[in-house]
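# need a structure here:
(chains A and B)
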Amino acid sequence: MNTLTMLWVFPLVGAIACLCIDRLGRAAAKWTALVFAIVYAYLAGAAVFRGAISVPGSPLAFGISYNLAADGLSLSLIALTGFLTLICVAASWELDVSGAYWANFLALAAALTGVFLARDLFLFYVFWEATLIPMFFIIGIWGSDNRRHAAMKFFLFTFAGSVFMLLGLIALVIAKHAQTATWSWDMAALNGAPLGAAGPWIFLSLLFGFGVKIPVVPLHTWLPDAHTEAPAAGSVMLAGVMLKMGLYGLLRVALPLFPFYAETWAPWIAGIAALGTVYGALCAMAQTDLKRMIAYSSIAHLGFCLLGIASATAQGLVGGSLQMINHGITTGALFLLIGFLYERTHRRGLTDFGDLATRAPWLTFFFGFSIFASIGLPGLNGFIGEFMCLSGIARSSIPLLNLPVYLVAGALGVTLAAAYALPAYQSVFWAPPQAGSVSSRVHDLNMREKGIMWVLCALMLWIGLAPSTMLNLLGPALKELIR
Amino acid sequence: MNALAPQAALAAGVFAALGLGVMRRPSALVVRVLTLAVPVIALLLMRQLLPSATGLLIVADVKGLCWQLVIVAAALPLAALLPGDDVEAALFLGSLLGMSLLAVSGNLLMMFLSLEFMSLPAYLLVARAGTGSGERRLEAAVKYFFAGALAGAFFLLGLALYYAHSRSLTFTDQPLGFQGQAGLALMAVAALFKIGAVPLHWWLPDVYEAASPEVAGFLSTAMKSAAVLFLMRVTALAPMPVFAVALPWIGAITALIGSLLALRQQRLQRLLAYSSLAHAGLLVLGVGAWQALGRDPAAASSLLFYLGVYALLSNGAFIFLRASGVETRADLRGYAVRQPGLAAAFAVLLAALAGIPPTGGFVAKLLILWQALRAQAAIPAILAAVSALISLGYYLGLVRDAYFEEPSGPAPRTGDSWARIAVLACAIGAVVLGAAPLFLNGFTGRIWR
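Numbering: from 1, shown residues only, chains lettered A, B, ... in the order given. Just a heads-up that it's a prediction; the model follows:
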């Protein structure tokens, strides 16, 4: 078994182990999950240091080949998956849950790793869909009050996107077969297939599938429900890694396979992205539920990433991908902190608290740190990513794309982010408590929670101060993709 | 060995079952062993054969063998679950014999005979087999009988017209006049009747709901495979381009209507009946694509693979009803807490029926959609995808009922352990077939070249 196969099979073995060991008791399953999560995070991290690898694919039936490879983009997202999975296990440590809970998280990690490794469209699609199953159970079984509805909506929306994407992929394979008389699902082999009249439809189906997942604005309505109802760790995985799948698919499949459409349609894509940035921020402003606000802010942030990617410049692509990683860390931290609050009080409303700064100084500190990273304060990670996305758009040579409207929308998004996040922070942590406040039930973070937060905040600071490591990892891979 | 050895084994089984019935009181165990052993022997016989027998009535070749394989394998769950009654055993084996004769029939008369041979025992099986209220089953059997008789009448009328025009009971490459085309179309209608394509589906939900679950599984898998083969044989009789256009649309509409009607069902067996209708739609779409592609081997293999996978899924889902005693969606609430193992197997089967990877159901659906797109039937393929999306509403809804709801009311009475084993085996098979691309390298090339 080669290194790359190992990377996705290992967490799957962990998931099965957790299910089996569950009979011995919940503690045993929990420790098993921790061991597997630690080793998996180590494997994922070690893979980053080893650098890009690809192993020769082996052909299967129907023109499918088992073809895995990892470049800087895949590796950084796999490292993010491994890291956040470990964080999730640590953050859920005190929950009284069965082995199935841990198994679902490990299975999710396996499927996500597969998505980022696959270089064959069939494999890519199988892993892509397989991520839905564990998340469906995570939301549906361990979520909050409206979890059943949210789980169904999440699954149906994403499946709707991907079933049409599947038709597009099949049409792509058929178009290539008409040219070469061989069946192949291999991404590299499908490059430059002449598509004729079917071309725009195929590209549209891919955009639709990826767009639901990102999510872009008219297709986003599943996100607030899913993110709000999922358990804290589930929201972390959803926002931290699963939202990145759509952008990753765009980068890995749509751009290299359809450079022509990616360029001619770029103004539209960037327009939707800009719309998402502003609309998401405006929606976030209107929320009274802290978790829902962060969920809507994700739409705005992902719009920013898409803006950078649509520019098709090296800077925009790197900025967009870096912002994917940043958003994973920052929003992950915010969802965890809201989760800690919810565990203590079973409330999430903006007006349910007040004056937490005196009761829980550590919670206040970490929340503030993450909020500032999220709104793009210079020196923290969000700033670098947003800056590069905007400068990528400004430098784009694609006609219409260098119009100031995109820049204005981006700048508006940044401003609005401050306008919803800071008042929320203020009202929860600093304002005097209102009637019905549950602040008295909040106690400060314990050692475990503080440890998790220190690691996340250190990462935000590190990427903010020394982004070159991440940029050197992502840069070559993305330049290869748009070559 | 003769190419007809599997049929001979099945026929011997029928006679043995009838012979046991002549004895005053045949032991249930002996009958059960016979019911299970005969199909297994037939399967084993198929493994050894390299058939090449071609005669006036019989054409035993690789295609026929492959269909027999799928049909008999699809019948195994019912073989394992029949209660050991000699009459039921004879009916079951007789129906199976009819199906495997259909797979090797070389002309239209033989096809008609085997069609009746497989159908008549099935009507009685619906009426007889199983426990509980007999009146509903009797009503369903009568309905099934009339529908089947109607299909048979259509077929005979079509056959007469076709023969009058072409003087042929087999394939003809002469261009057909109106009369011959009408005959062909009538025969195709008979086949669509048997499959249950919309709007000829009215009998199907009632029959599947009233029959005992394992018999319904048998009807929706083995019988459906035979009916699909029947449709392929009939539409391949003479060149008639209208099939390539009409069948994908009929299939797509059947899939849509089946999944829409299933959405509202509360009784699980009826829900599964409509779901079976939706799958039949996809099969008809596949037959249409096969026609449009000039009877392409890859398309035929895709249909065969779909039927093979579906044999596991549908049998497993119906037998779950027997194994769990669950009748309505309300009974299913919180089932995962009551019976974790059985609920997990059912969830796997539902995911596979919905076509979610990494299950065999996904690969099967992918292959059919692939062939449909190759055949330029883009809009029917999109409609089929929409139907898959709608079907997710109930398949996933059942998983939600079982996993996300709290158990309420008394626990349903659970069935025998054989049924549980069958459900688990089907679920495992569904997952294993999801890895089909690993071990099916060259599958489409080898069959029906």
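
# what does chain B put close to chain A?
B:351, B:356-358, B:362, B:366-367, B:369-370, B:373-374, B:378, B:381-382, B:385, B:388-389, B:392-393, B:396-397, B:399-400, B:403-405, B:436-444 (CB under 8 Å from any CB of the partner chain). The C-beta positions use only the backbone N, C-alpha and C, and glycine is treated the same way.

# Let's test this: mean pLDDT of stretch A:342-350, rounded?
Stretch A:342-350 shows an average pLDDT of 87 in the prediction.

# tell me which residues in that stretch are buried?
By neighbour count on 16 or more other CB atoms under 10 Å in any protein chain shown, the buried set for stretch A:342-350 is A:342, A:345, A:347-350.

# for it, the distance to its chain's centre please.
Stretch A:342-350 sits 24 Å away from the centroid of its parent chain (CA atoms, centre = their mean, to the nearest Å).

# now stretch A:248-265
With CA atoms, centre = their mean, you get 19 Å for stretch A:248-265.

# which residue does the stretch 251-400 of chain B bring closest to chain A?
Here the residue of the stretch 251-400 of chain B nearest chain A is B:P357; by CB to the nearest CB that distance is 4.2 Å.

# And the pLDDT for that residue?
With respect to pLDDT, B:P357 scores 87.

# tell me the phi and psi of it?
When read as degrees, to the nearest 10, the backbone of B:P357 gives phi -70, psi 160.

# ok, now how distant is the closest residue to chain B within the stretch 301-450 of chain A from A:V442?
Residue of the stretch 301-450 of chain A nearest chain B, by CB to the nearest CB: A:H346 (19.0 Å). For A:H346, the distance to A:V442 (CB to CB, to the nearest Å) stands at 11 Å.

# again, but for B:L157
81 Å.

# Mind giving me the PyMOL select for the residues of chain B next to chain A, buried ones only?
Listed next is the PyMOL selection for buried residues among these, using 16+ other CB under 10 Å:
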select buried, chain B and resi 351+356+357+358+362+366+367+369+370+373+374+381+382+385+388+389+392+396+397+399+400+403+404+405+436+437+440+441+443+444
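
# Just to be sure, which of the residues of chain B next to chain A are found in helices?
B:351, B:362, B:366-367, B:369-370, B:373-374, B:378, B:381-382, B:385, B:388-389, B:392-393, B:396-397, B:399-400, B:403-404, B:436-439, B:443-444 (DSSP state H).

# Please list all residues in contact with A:L407.
By CB atoms under 8 Å, 6 or more residues apart in numbering or on different chains, A:L407 lies in contact with A:390, A:393-394.

# out of those residues, which touch chain B?
The subset of the contacts of A:L407 lying close to chain B, counting by CB under 8 Å from any CB, is empty.

# Among those, which one lies nearest to B:L304?
A:I393 (52.3 Å; CB to CB).

# Pull out the buried positions in stretch B:399-416.
B:399-405, B:412, B:414-415.

# correction: stretch B:156-170
B:157-159, B:161-162, B:165-166, B:168-169.

# now it: mean pLDDT?
89.

# repeat for stretch A:471-478
For stretch A:471-478, mean pLDDT is 86.

# Centre of the chain to that stretch, how far?
18 Å.

# quick one: contacts of that stretch?
Contacts with stretch A:471-478, where a contact means CB under 8 Å, 6+ apart, come from A:48, A:52, A:71-76, A:251, A:314, A:317-318, A:321-322.

# Try it again at 6 Å.
A:71-73, A:76, A:317-318, A:321 (CB atoms under 6 Å, 6 or more residues apart in numbering or on different chains).

# Out of those, the closest to B:I319 would be?
Ranked by distance to B:I319 (CB to CB), the contacts of stretch A:471-478 are led by A:L73 at 46.4 Å.

# what's around that closest one, how many residues?
26 (other CB atoms under 10 Å in any protein chain shown).

# Tell me, what's the model's pLDDT at it?
For A:L73, the pLDDT comes out at 90.

# Surely A:L363 touches A:N446?
No: in this structure, A:L363 is not within contact of A:N446 by CB atoms under 6 Å, at 10.7 Å.

# No further questions, thank you.
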